[in-house]
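**Q** Provide a 3D model corresponding to the input given below.
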Amino acid sequence: MLRPIFFSLVLILAFSIVEGTSHAAGAASGVKGDWDVIFTIAGQSAEGTISLDVSGKALTGTVFSEHTGKGAITNGTFENDKLACTLTFEKHESIALSGEYKDDKLSGTFATEGTTGTWTAVRKK
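**A** Numbers count the residues shown, from 1 in each chain. This is a model prediction of the structure:
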């Protein structure tokens, strides 16, 4: 009598794990690629680009804006549609970036030079 119930529970658990894995993989593959980004701080905006790659939970890539120059994404993580990383540059202070992936857009907050701002990104066309 317990075997059918046990088997059913195992199947439900297996499908839940597969569904959760495919969602995570789908979100990660959705984040990969090139994005147009706008950073807004103290009433000023700066446009740039971000190129993202995800491997497991590790987020890597590059970033560029006229204000900061070219930079690298370091210490990056992407999990449960949330991202966090540090943008490092040769001629600009590092930027701590956090945000989320939702509706094929990225957005969040950042901190640099003792102040905080917001950012949004849309996929490059």
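**Q** Tell me where this structure has helices.
**A** Using DSSP state H, the helices of the chain run over residues 2-31.
**Q** can you pull the contacts of the most centrally placed residue in it?
**A** Centroid-nearest residue in the chain, with Cα atoms, centre = their mean: Leu83, separated by 3.7 Å. When contacts are counted by Cβ atoms under 8 Å, 6 or more residues apart in numbering, Leu83 touches 31, 59, 76-77, 97-101, 106, 108. No exception for glycine: its C-beta is placed from N, CA and C like everyone else's.
**Q** Ok, Leu52 next?
**A** By Cβ under 8 Å, 6+ apart, the contact list for Leu52 reads 31-33, 35, 59-61, 73.
**Q** Check Glu113 too.
**A** With contact set as Cβ under 8 Å, 6+ apart, Glu113 has these partners: Glu93.
**Q** Verify the contact between Leu87 and Asn75 for me.
**A** No. Contact criterion Cβ atoms under 8 Å: Leu87 and Asn75 do not qualify, at 9.9 Å.
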